[in-house]
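Undergrad: sequence first, predicted coordinates after that:
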Amino acid sequence: MAASRKPLPNSLVAAAVADALGRHVPPQARLVLALSGGLDSTVLLHALVALRDQHPFELRAVHVHHGLSPHADDWADFCTRLCAAYAVQSSIHHVAIARDDPAGIEAAARRERQRLFAALDADFLLTAHQRDDQAETFLLQVLRGAGPKGLAAMAELQPRPGWRPAQLRPLLGIGRAELQGYAQSHDLTWVDDESNRDIRYRRNALRQQVMPLLAEHFPGSGATLARAAALQADAASLLDDLARIDALEAITADRLDCAVLGRLSTPRARNLLRYFIEQHGQPMPSARRLDEALHQLRDAQADARVRVRLGAVEVWRFRGGAYLAPLAPAPAEPVVWQGEASLWVPAAGVSVQLEAVTGAGLKRDVLAAGEVTLGVRQGGERLRLHAGGPHRSLKNLLQEHAIPPWQRDRLPLLWCDGRLAWAAGIGLDADLLASPGEAGLLPCVAG
């Protein structure tokens with residue numbers, strides 16, 4: 001297990017961890033260590049325990065049980081015993097990963113870990129990524145054709161959108177050989193994940209086959225590649241600074257001004273569009289898709305309907321602005337209202353509330369006596385908004401009310417006995433309005 005709780009004097013590992021804590025972690029902060037039981041995280045746990053007195057913080061550990069290896073239970077037991085020896089609170093979290101996940105086992109496991117880490121009640125999540133991991137990540141990103149932000153690989157301190165804790169990597173400047181030396185000096189033991197030797201995984205192929213060859217012909221290549229990643233991080237930071245300057249003129253709330261995109265040079269416009277996507281918390285699309293979106297947003301005719309899919313979202317051009325919108329829900333049949341105060345409408349992807357009111361809304365008695373359904377438009381719908389006025393096509397009403405095109409096909413509608421009675425954001429059928437003092441139901445989108 002662990003024979004010593006104090007790091008060696010002048011240890012590079014201890015110094016690196018102490019330096020990272022001093023620069024980023026305030027006293028009494030709540031730290032959670034992602035503990036796999038492997039060499040890197042075992043060394044980091046040992047160093048953290050030794051530093052608790054001189055830099056007080058609350059420390060606990062979390063082990064993610066993926067269930068993919070026949071040794072997974074043994075690894076979890078090892079982590080539990082190790083933490084108990086150090087008087088560190090620990091927890092085991094089981095996650096279910098389908099081996100046939102379309103994203104692949106590695107990506108699926110990473111997704112489940114990040115989902116768990118994002119919800120941790122802590123100030124910092126500490127992970128044991130080290131310099132050789134950084135070099136491997138840099139090479140993988142080069143081979144994917146990534147730009148400066150991708151080539152920057154991993155940051156020492158990384159706040160993540162939607163995460164409670166910030167991610168801290170105190171060992172990012174330390175190589176694997178130094179960690180092994182530290183572990184041996186302290187008689188530490190750790191577990192060995194046999195999947196790390198499977199060269200069918202690209203990172204393992206780099207680690208087992210490519211990096212040793214590079215080190216043979218280019219001594220110190222791991223540190224050099226990690227340094228290149230740091231330089232790319234500087235470049236990415238400067239590009240973000242430039243994007244923020246351009247955004248002052250171009251971005252208002254959720255709108256990106258296409259006229260500004262058109263005035264900028266292509267690299268600068270691409271940088272601004274990339275920034276706009278990132279600010280909405282969306283992963284970066286491929287270079288080809290990003291360039292296609294940029295081309296259409298800048299060069300399309302003013303009245304052209306631009307719609308480009310970028311992964312899980314679409315970018316639309318509407319009235320001179322670019323907007324990001326989620327993909328439309330899968331087609332679904334209308335749902336029947338049976339008196340509920342709130343009803344989920346799958347075709348619209350929202351819940352609709354029907355609030356009991358007096359002298360407003362739709363006549364409650366008429367709705368209660370008829371068949372009420374909720375869904376989205378199918379085409380040809382008409383609505384009378386004013387007593388004595390004409391029935392207007394919903395298509396024209398959507399245009400007049402400036403409903404963005406990506407919202408039109410998912411706009412919740414309510415019919416009574418096949419007659420359109422309500423369109424969200426548009427209005428109610430004037431012939432079905434409750435009279436003063438009459439019981440009514442007022443539909444609205446929940447939330």
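TA: Structure received.

Undergrad: thinking Asp40 is in contact with Glu178, fair?
TA: No. Counting by C-beta atoms under 8 Å, Asp40 stays clear of Glu178, with 10.8 Å between them. Yep, even glycine has a C-beta here, placed from its N, CA and C like the rest.

Undergrad: for Leu428, which non-adjacent residue is spatially closest?
TA: Trp422 (5.2 Å; C-beta to C-beta, 6 or more residues apart in numbering).

Undergrad: so who does that neighbour touch?
TA: 362, 413-414, 428-429, 443 (C-beta atoms under 8 Å, 6 or more residues apart in numbering).

Undergrad: let's have these in JSON lines, adding pLDDT.
TA: Putting these into JSON lines (pLDDT from 0 to 100) gives the following:
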{"residue": "Leu362", "pLDDT": "97"}
{"residue": "Leu413", "pLDDT": "97"}
{"residue": "Leu414", "pLDDT": "97"}
{"residue": "Leu428", "pLDDT": "97"}
{"residue": "Asp429", "pLDDT": "96"}
{"residue": "Pro443", "pLDDT": "96"}
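
Undergrad: the residue nearest to Leu428: what secondary structure?
TA: Taking DSSP: H, G, I helix; E, B strand; the rest coil as the rule, one finds Trp422 in the strand state.

Undergrad: for it, list each beta-bridge partner.
TA: Leu414, Leu428 (DSSP bridges).

Undergrad: before we move on, the earlier item: which one of the contacts of Trp422 has the most neighbours?
TA: Comparing the contacts of Trp422 by number of neighbours (other C-beta atoms under 10 Å), Leu414 comes first, having 27 neighbours.

Undergrad: which parts of the stretch 201-350 of the chain are helices?
TA: 202-205, 211-217, 221-250, 258-263, 266-279, 287-299 (DSSP state H, counting those that start in this stretch).

Undergrad: would you confirm that Val43 contacts Ala128?
TA: Yes. With contact defined as C-beta under 8 Å, Val43 and Ala128 form a contacting pair (7.2 Å).

Undergrad: tell me, what's touching these two both at once?
TA: In terms of C-beta under 8 Å, 6+ apart, Val43 and Ala128 are both contacted by the residues Leu171.

Undergrad: more crowded one of these two?
TA: For the pair Val43 and Ala128, the greater number of neighbours falls to Val43 (27 against 24), based on other C-beta under 10 Å.

Undergrad: list the contacts of that one.
TA: So Val43 contacts 13, 128, 171, 179, 182-183, 188 (C-beta under 8 Å, 6+ apart).

Undergrad: cool, Ile251 as well?
TA: 257, 276, 279.

Undergrad: kindly report the same for Asn271.
TA: With C-beta under 8 Å, 6+ apart, Asn271 has these contacts: 239, 242-243, 246.

Undergrad: how about a cut-off of 6 Å?
TA: With contact taken as C-beta atoms under 6 Å, 6 or more residues apart in numbering, Asn271 is in contact with 239, 243.

Undergrad: which of the helices of the stretch 201-350 of the chain sits closest to Leu433?
TA: helix 258-263 (40.3 Å; C-beta to C-beta).

Undergrad: the closest one: how far from the chain's middle?
TA: Chain-centre distance of helix 258-263: 28 Å, with C-alpha atoms, centre = their mean, to the nearest Å.

Undergrad: name the helices or strands packed onto that helix?
TA: Here helix 258-263 touches helix 287-299, going by 3 or more C-beta pairs under 6 Å, 6 or more residues apart in numbering; DSSP states H and E.
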